[in-house]
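**Q** Take a look and give me a structure for this.
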Amino acid sequence: MKYQHILVALDLSEESNLLIDKAVYHAELVNAKVSFIHVDGSIGEIYPELIDIKAEPDQRPLNLHAMEVLHKYQEYIEYPLSHFFVGTGDLAEKLKDLCQEQSIDLIIFGHHHDLLSHFISYSRRLLNKANVDVLVVPVK
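**A** Numbers count the residues shown, from 1 in each chain. Here you go, the predicted structure:
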């Protein structure tokens, strides 16, 4: 399948660079668009809508530290970035509508192999809600 639009789900860790690299690799093969998403689930649903910080760079939907890290991802990618969606709440819930609205056909996200992941699996929730192909990348 030739993907048209790849969405990378990022957290605030350095491991997100690995996900960006994977997305760029796959995008270059088929000339697909690449977009990012970061949803902070720790503070609840403060902003029901996602904000595209690439289109609206003056918006600051999260705290200053989080925004600094997210802007570093924009600087890191060596491929045209289509959108960078940022919001709060439940990532899995936001993905369904976003994928349809933006014609996203591949989501890339990381899965941590640690003790906490054995008890609380965010990956499972994302997989159960996804309505497009998913690439799960193991991260340390």
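
**Q** Dihedrals phi and psi, S42?
**A** Main-chain dihedrals, S42, degrees, to the nearest 10: phi -80, psi -20.

**Q** Looking at the helix or strand hosting L126 now, give me its mean pLDDT.
**A** Per DSSP states H and E, L126 falls inside helix 122-129. In this model, helix 122-129 has a mean pLDDT of 68.

**Q** Which elements pack onto the helix or strand harbouring F85?
**A** Per DSSP H and E: F85 is located in strand 81-88. Applying 3 or more Cβ pairs under 8 Å, 6 or more residues apart in numbering; DSSP states H and E, one finds that strand 81-88 makes contact with strand 33-40, strand 51-52, helix 64-76, helix 91-102. Placement of C-beta: from N, CA and C, glycine included.

**Q** Packing partners of the last one?
**A** Looking back up the chat, that one is helix 91-102. If you count contacts as 3+ Cβ pairs under 8 Å, 6+ apart, helix 91-102 packs onto strand 5-9, strand 33-40, strand 81-88, helix 122-129.

**Q** In a markdown table: these, plus distance to P138 and mean neighbour count.
**A** Output for the helices and strands packed on helix 91-102, formatted as a markdown table (distance: least, Cβ to Cβ, whole Å; neighbours: other Cβ atoms under 10 Å):
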| stretch | distance to P138 | mean neighbour count |
| --- | --- | --- |
| strand 5-9 | 14 | 24 |
| strand 33-40 | 20 | 22 |
| strand 81-88 | 24 | 22 |
| helix 122-129 | 10 | 15 |
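
**Q** Let me know the secondary structure of the residue lying closest to V134 once chain neighbours are set aside.
**A** Sequence neighbours aside, I107 is the residue nearest to V134 in space, at 5.0 Å (criterion: Cβ to Cβ, 6 or more residues apart in numbering). Following DSSP: H, G, I helix; E, B strand; the rest coil, the label given to I107 is strand.

**Q** which residues of this protein score low on pLDDT?
**A** Within the chain, the stretches with pLDDT under 70 are 44-45, 47, 112-125, 127.

**Q** Buried residues of the longest helix seen in it, list them for me.
**A** If you go by DSSP state H, the chain has its longest helix at helix 16-30. For helix 16-30, the neighbour count (16 or more other Cβ atoms under 10 Å) marks S16, L18, L19, I20, D21, K22, A23, V24, H26, A27 as buried.
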